[in-house]
Every structure is written in structure tokens, then in C-alpha cells.
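**Student:** here's a sequence, model it:
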Amino acid sequence: MATIQQYPINSVTADDTVLGTKVPTTPTEEAITSTFRVGDIISLSLGSGTLNTIPLWTPSGTKLGDSVIAQSGTDIGVGTTSPGATLEVVGGIKFGDDTSVASASNVGTIRYRQTGVSPTGFTYVDICMYVGGTVYSWKNIITQPLNAG
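**Tutor:** This next block holds a predicted model:
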């Protein structure tokens, strides 16, 4: 059993089971000893979940529920509970505007870019490729005029 400590307590360790002593706020008040357990302070229900679904805190913040991400073996699914590839996404994928420089760490990255390009008025979808030696380059997959129907 842990010793009774005065408040405020700066840290609580896992083996602290009993805490509490109210410190008088004025010189005439008597100290009041109050005993409570860590379990009284922390009331956490883990909730339930679905097998192979990555857990997510529910809106209440006190229980776990299911997210839209699932794992089946080494495959990850977003929007599907039975992915058939390393990453399977059911639904659209949105890419933000990316103006990063081609580099070894970006090889294989697909990006969307709208700003910082010439001629203006176009959007681009690129993939970063290894060209050879120490050279890396963004290769255009598709160029589309803005507001094109």
C-alpha cells in the first residue's frame, strides 16, 4: 500500500493504490484526511470492438469502438474489412497540393500539384522516380487544365 501524500500530487505511479490528504486552506481549518483509490479516479471502460478492426475512441472519449481501418494479416483496408492488397482503399483518395523536391525519400510517391508550376492554369499528377546515379525526378502522369469538365 502506498503512503498517504499531500495534495497536489505531482505524479502517480501504477503501484499507488491509496492517495489523499486535504491540506487546510486557512490556518484555522483542520486537515481532513480522505482515502480513495486510483480506480476511483480513473474510470475507463475499454468497450468492445470488431475482430481485425483498428480501435478508435468513441465521441464520448471513454470507450473504444471501430474505426474505418481494418487489418487482415499484413494487409490494411480503409473502408473495407477484407483488404486484398497491402493497402486497399474503398472510395476516393484525396491528395493535397505538394510542391516537394524529388528525392530518394520521395521515390514511389504520387502527388497532386496545383501551385508553383508553369504554365499556370493547370493541375498535375506526378510520381517520383529514380532516374539514375543520384538523380530523382517527378514524372507527369496527367496534366489537366483547371476547371476542365
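**Student:** each with direction, which strands does the helix or strand encompassing residue 140 pair with?
**Tutor:** Here residue 140 sits within strand 135-145, counting by DSSP states H and E. Strand 135-145 has the following strand partners under DSSP bridges: strand 122-132 (antiparallel).
**Student:** residues contacting the strand it pairs with, please?
**Tutor:** 95, 102-104, 106-114, 117, 136-146 (CB atoms under 8 Å, 6 or more residues apart in numbering). Every residue, glycine included, has its C-beta placed from N, CA and C.
**Student:** which of those are buried, as a ChimeraX select command?
**Tutor:** Applying 16 or more other CB atoms under 10 Å to these, the buried members can be selected in ChimeraX as follows:
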select :102,106,109,111,113,136,138
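**Student:** thinking again about what came up before, then the strand holding residue 140 to CSV, C-alphas only?
**Tutor:** In CSV, the C-alpha atoms belonging to strand 135-145 read as follows (Å, rounded to 0.1, in the frame of the first residue of the first chain):
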residue,chain,number,x,y,z
VAL,A,135,19.1,11.9,-59.9
TYR,A,136,15.4,11.7,-59.0
SER,A,137,12.6,13.3,-60.9
TRP,A,138,8.8,13.9,-60.8
LYS,A,139,7.3,12.2,-63.9
ASN,A,140,4.0,13.6,-65.0
ILE,A,141,1.2,11.1,-65.1
ILE,A,142,-1.6,13.5,-66.2
THR,A,143,-1.9,17.2,-66.8
GLN,A,144,-5.3,18.8,-66.7
PRO,A,145,-6.5,22.4,-67.2
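**Student:** now that strand: mean pLDDT?
**Tutor:** Mean pLDDT, strand 135-145: 83.
**Student:** cool, stretch 82-97 as well?
**Tutor:** Rounded mean pLDDT across stretch 82-97 is 91.
**Student:** quote the end-to-end distance of it.
**Tutor:** Terminal residues of stretch 82-97 lie 31 Å apart, using CA to CA, to the nearest Å.
**Student:** so which bits of it are buried?
**Tutor:** Neighbour counts using 16+ other CB under 10 Å place 83, 88 of stretch 82-97 among the buried residues.
**Student:** pLDDT below threshold where in this structure?
**Tutor:** 1-48, 115-121, 145-149 (pLDDT under 70).
**Student:** how is this structure carved up into domains?
**Tutor:** 1-43, 53-89, 104-145 (automatic domain parsing).
**Student:** perfect, I'm done here.
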